[in-house]
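K.L.:
Here is a sequence together with a model predicted from it:
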Amino acid sequence: MGNNTDKDIIMNSQVWKINMMNNAKPSSVSPDRLPAITPEYDPWDPIRSLRRHGDHKLTSVELTVTQLCNMRCEHCAVGDSLAMTEGPKIPLSVILKRLDEVEELETISITGGEPSYREETVREYIVPILRYARERGVRSQINSNITLDLARYESMAPYLDVMHISFNYLNADDFYEVGFVRSDRTVSRGTAAKLYERMVDNARELARGGMFVSAESMINYRTHEKLVGIHRLIEEIESPPA
């Protein structure tokens, strides 16, 4: 998120955002040693950390690893900052060093753009950061549209706690209208339909493989009358009819 600067650091009491885009230590902490994520236990909830510490502490860090994206969603919070070429990168070693300085770190979130847009970013940044988090006992999540090759997401699976997706569609037509409304280039409905099908297939396969896939639906003028159907579709993706 943000502009193409490699040292733009925004900090507040709960979330540290770093615009960055190279290898980490191997994982050694089993997820079984950490509390299960439930509606009652959400590590990203700032109220929980406030109650735990009795004061605002820096407990969550959000890393923007790219400003590239294969979509231009209507609801995107950083749509105006998405780019066609990659900007400068902060070295991974610097990122990990700064993470070491956050004593009360509990969660790391990775976002973009589409974090998995480039395989190099997945291999040289995302997976090492996820390994770091797992080794340290820090929860991790990624915000993704999961419309790219399944293998990119499977490489994250051993270390990732939550794959967070935005799901505001009943069908491929909804996906096309929402996902490319802000695109400067013409995208055909056929191309959008293939991406929609891949997103659904990827969500199903990742969930079957044991990944926690969290689907969020926005309430807006497009979705408010479709929410029941959208949530029913999400349930079918998780547990398809026999």
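P.N.:
Arrived safely. In this text the structure is predicted, and so the values were computed from the model without any measurement.
K.L.:
contacting residues around Gln67?
P.N.:
The contact partners of Gln67, by CB atoms under 8 Å, 6 or more residues apart in numbering, come to 1, 4, 78, 81-83, 86-87, 112-113. Yep, even glycine has a C-beta here, placed from its N, CA and C like the rest.
K.L.:
Please identify which of these is nearest to Glu119.
P.N.:
Glu86 (13.0 Å; CB to CB).
K.L.:
burial measure for that closest one, as a count.
P.N.:
Glu86 has 16 neighbours, counted by other CB atoms under 10 Å.
K.L.:
Flag every buried residue along stretch 183-201.
P.N.:
Across stretch 183-201, burial judged by 16 or more other CB atoms under 10 Å covers 187, 192, 195-196, 198-200.
K.L.:
If you could redo that for stretch 103-118, that was the one I meant.
P.N.:
Here stretch 103-118 shows 105-118 as buried, counting by 16+ other CB under 10 Å.
K.L.:
and if you look at stretch 55-68?
P.N.:
57-68.
K.L.:
And for stretch 213-224?
P.N.:
For stretch 213-224, a neighbour-count test (16+ other CB under 10 Å) marks 213, 215, 217-218, 222-223 as buried.
K.L.:
pLDDT weak spots in the chain?
P.N.:
The model of the chain has pLDDT under 70 over residues 1-32, 240-242.
K.L.:
Strands along that one, start to end?
P.N.:
Applying DSSP state E to the chain gives strands spanning 9-11, 15-19, 60-64, 107-111, 139-143, 162-166, 213-216.
K.L.:
center of this protein - which residue?
P.N.:
Asn143 (1.4 Å; CA atoms, centre = their mean).
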